[in-house]
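# sequence unknown, structure follows:
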């Protein structure tokens, strides 16, 4: 199984945002169980920016980012994905870029706390809790 992880789920874990970090930690832990997790390359820079701003330390932000990258792989964002995101014409460009990046890696789900950000998606978009319930049911 392949899962695309939205930035908000990763940030919930890295910034220990309660109560969301609990299910987010379980999602990131799925990588140890043979499930492949992905984030987009553009999300990495967004996450770094937010971590650096929050931690007020480049070293702390880099360390958190390194920890994240032990659990997730990076989906490429090239000119092709940017053009595709523009063509999608979604309200939130960053979400459109993430969606376009996941098209080339054939994921089974997008996991996010903000499912409404992906209303136009043609594959399942679920919250962390919903994904965990799906996995338990199977």
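Arrived safely, thanks for sending. On a predicted model such as this, the values are computed, not experimentally measured, just so you know. Numbering: from 1, shown residues only.

# Do you have the helices of this protein handy? List them.
Along the chain, the stretches classed as helices by DSSP state H are 7-14, 20-29, 41-55, 58-68, 79-88, 93-103, 128-137.

# Please convert those helices to TSV, extending it with mean neighbour count and mean pLDDT.
Where C-beta positions appear, they are placed from N, C-alpha and C, glycine not excepted. Formatted as TSV, the helices of the chain follow (neighbours: other CB atoms under 10 Å; pLDDT from 0 to 100):
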stretch	mean neighbour count	mean pLDDT
helix 7-14	23	97
helix 20-29	18	96
helix 41-55	17	94
helix 58-68	15	96
helix 79-88	15	96
helix 93-103	22	92
helix 128-137	15	94
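
# With residue 115 as the reference, name the closest of the ones you listed.
When those are compared by CB to CB, helix 128-137 sits nearest residue 115, at 8.4 Å.

# got a list of contacts for that closest one?
3, 9, 20, 23-24, 26-27, 30, 109, 111, 113, 126 (CB atoms under 8 Å, 6 or more residues apart in numbering).

# Could you dump these into TSV and include distance to residue 98?
Putting these into TSV (distance: CB to CB, whole Å) gives the following:
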residue	distance to residue 98
3	13
9	12
20	18
23	19
24	16
26	21
27	15
30	18
109	13
111	11
113	14
126	15
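
# ok, which pair from the residues you listed is furthest apart?
Farthest pair in the contacts of helix 128-137, by CB to CB: 20 and 109, 17.3 Å.

# Of all the helices of the chain, which one is nearest residue 122?
Of the helices of the chain, nearest to residue 122 by CB to CB is helix 93-103, at 9.4 Å.

# Centre of the chain to the closest one, how far?
Between the centre of helix 93-103 and the centre of its host chain there is 10 Å, according to CA atoms, centre = their mean, to the nearest Å.
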